[in-house]
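Visitor: fold the stuff below for me.
(one chain, ligands or ions: 2)
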Amino acid sequence: MSRIVIALGGNALGNTPREQMARLNEAAPSLIGLIKQGHEIIVSHGNGPQVGMIKLAFDTAAEAGAKVASMALPECTAMSQGYIGAHLQNAILREVRKEGMPWYAATVVTQVVVDRDDPAFQKPTKPIGAFYDEKTARELMAANPDLTFAEDSGRGWRQMVASPKPVDIVEKESILNLLDHEFIVIACGGGGVPVVKKGDGDYEPVPAVIDKDFASAKLAELVGADYLFILTAVDRVAIRFGTPEQEDLKELTVAQAQQYCDEGHFAPGSMLPKVQAAISFAQSGPGRHAVIASLEKAPLAMKGESGTVIHA
Ligand SMILES: Nc1ncnc2c1ncn2[C@@H]1O[C@H](COP(=O)(O)OP(=O)(O)O)[C@@H](O)[C@H]1O
Ligand SMILES: NC(=O)OP(=O)(O)O
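Guide: Numbers count the residues shown, from 1 in each chain. Ligands and ions are numbered 1, 2, ... in the order given. Alright, predicted model coming up:
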């Protein structure tokens, strides 16, 4: 039996709660497929579109004079963990019941510690929320100089926020305890609620969105996982992606993966953080493998029949 941390892409969750439920119901058989193969799974998920939508909803309502409190990014991520976790629990339980399996699912609202001095706080690079055309994005920036928008991997313009690297997971003992009691655990959603440790040992939320692939790699490292599965919309990582010379990759050593990162084969904000997170996990201990694959083909990827494996 292997312990597998699975990171699900936030862009794969659809645009509305109803779409999200439908997509997660479609994804659940793949996740449960890994359990049927005899493995233990821990699920994390993205929240880029969702955290941006929640923040915008509160900001717009406040500007329109509605009686709502202003909502900072960490609280918006906590909200996204709640409703995405609820939908994931439902989808997983539905599939588990269908298969007559004795499993339960639980979502841990997870806080992830970051470094107060992380240089990422000075340079927003994490895309959140909806996609805009360039003209609208520039108008939004002109109207609110506190906001940064930039182009996101050829898909349109999006708001960019600070994205410090994860250092530790506050709830790691709770996660391990649930795993010991055979729960399917959902944790580190949206990269976790970013917090810094204060001198008195308390934690303070900080305005940022952590990359869920880096947080999932940290989670996989801390729970002693054998595999990190990063599931997205493509079957394999490619070099020369999107060109007639595109080559899909089945297996990469950490050194080869690093070389391709340095040569600029992976788009920042989309495939680059996934490959970097995979490298970081594969380097974190002996026998650790990271797999980047499509959601539908996760069970095939576990058998080596799909996906890109990255190992030391
Ligand atoms: N070199 C590459 N190989 C494969 N996919 C790539 C590459 N560069 C960019 N991509 C794009 O990155 C996307 C995955 O990033 P993204 O959509 O941000 O992930 P998430 O599933 O976590 O939301 C793929 O669907 C693909 O369109
Ligand atoms: N927090 C995060 O990385 O979300 P996405 O995967 O949706 O970008």
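
Visitor: C-alpha from now on. contacts and neighbour counts both.
Guide: Noted.

Visitor: what helix or strand does Glu26 sit in?
Guide: Using DSSP states H and E, Glu26 sits within helix 17-36.

Visitor: other SSEs contacting the helix or strand just after that helix?
Guide: For helix 17-36, the succeeding helix or strand toward the C-terminus, using DSSP H and E, is strand 40-45. If you count contacts as 3 or more Cα pairs under 8 Å, 6 or more residues apart in numbering; DSSP states H and E, strand 40-45 packs onto strand 3-8, helix 17-36, strand 183-186, helix 212-222.

Visitor: lowest average confidence across the ones you listed, which one?
Guide: Of all these, mean pLDDT reaches its minimum on helix 17-36 (a mean of 91).

Visitor: outside of that helix itself, list whatever touches it.
Guide: Here helix 17-36 makes contact (Cα atoms under 8 Å, 6 or more residues apart in numbering) with 12-14, 40-41, 84, 87-88, 91-92, 95-96, 295-299, 302.

Visitor: counting neighbours, what do you get for Ala69?
Guide: 10 (other Cα atoms under 10 Å).

Visitor: that one against Ala62, yeah?
Guide: Yes: taking contacts as Cα atoms under 8 Å, Ala69 lies within contact range of Ala62: 7.3 Å.

Visitor: tell me, what's touching these two both at once?
Guide: With Cα under 8 Å, 6+ apart as the test, Ala69 and Ala62 reach no residue in common.

Visitor: neighbours of the closest residue to Ala238 other than its chain neighbours, just the number please.
Guide: Using Cα to Cα, 6 or more residues apart in numbering and skipping the chain neighbours, the partner closest in space to Ala238 is Asp248 (4.2 Å). By other Cα under 10 Å, 16 other residues sit near Asp248.

Visitor: now do the contacts for Asp248.
Guide: Taking Cα under 8 Å, 6+ apart as the test, what Asp248 contacts is 236-239.

Visitor: still on that earlier bit, helices - which of the contacts of helix 17-36 land there?
Guide: Among the contacts of helix 17-36, the ones falling in helices (DSSP state H) are 84, 87-88, 91-92, 95-96, 298-299, 302.

Visitor: highest neighbour count among those residues?
Guide: Ala298 (28 neighbours).

Visitor: related to what we said a few turns ago, format the helices and strands packed on strand 40-45 as TSV; extra columns: mean neighbour count and distance to ligand 2.
Guide: As requested, these are arranged in TSV below (neighbours: other Cα atoms under 10 Å; distance: least, Cα to the nearest ligand atom, whole Å):
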stretch	mean neighbour count	distance to ligand 2
strand 3-8	26	7
helix 17-36	18	13
strand 183-186	24	14
helix 212-222	26	4
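
Visitor: all set, thanks.
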